[in-house]
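> sequence plus the predicted model coming up.
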Amino acid sequence: MAEEAESLTIEILRQIQSRLVDQERRFEVVERRLERMQDQMDHRFDGVERKLGEVIDATTRALGTAAVSNVRHDGVQVHLAEMEIELRDLRSRVRQLEEKV
């Protein structure tokens, strides 16, 4: 009887060991899949980072162009206001000259 119990214990231990080996193989497969997924995500994030850099560059260029345009527009507005004042003065002088004639 003791020999049977010992034999049964050894059999159970073998089954446990077999299951452990099987689980280890499954974990290795899962680990490889996770590594592939990580590589794919890294590749995608690299692409996103590259695109985001392009968007930032384009936005910076657009803001720079808008700022330059705004400064030029302000300059033109000042110049136009000066010309309007000058035109008013010229018209006034023409009227004065016409009144003298």
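Thanks, I have the structure now.
> every contact and neighbour count from this point should use C-alpha atoms.
Fine.
> burial of L63, as a residue count?
12 (other Cα atoms under 10 Å).
> likewise for the one 3 residues further on?
The burial metric for A66, expressed as a neighbour count using other Cα under 10 Å, is 12.
> any weak-confidence spans in the chain?
1 (pLDDT under 70).
> mind listing what Q23 touches?
If a contact means Cα atoms under 8 Å, 6 or more residues apart in numbering, then Q23 has no contacts.
> measure it to I16 for me?
As judged by Cα to Cα, to the nearest Å, Q23 and I16 stand 10 Å apart.
> what does K100 give?
123 Å.
> and what of D22?
For D22 relative to I16 (Cα to Cα), the value is 10 Å.
> cool, and T9?
Distance, T9 to I16, using Cα to Cα: 10 Å.
> for L87, same thing?
103 Å.
> what do you get for R91?
With distances taken as Cα to Cα, R91 is found 108 Å from I16.
> what do you get for G53?
Counting by Cα to Cα, the gap from G53 to I16 is 54 Å.
> where exactly do the strands run in the protein?
Taking DSSP state E to define them, one finds no strands in the chain.
> would you point out which residue is most central in it?
With distances taken as Cα atoms, centre = their mean, the chain has L52 as the residue nearest its mean C-alpha position (3.1 Å).
> enumerate every residue touching it.
Per Cα under 8 Å, 6+ apart, neighbours of L52: none.
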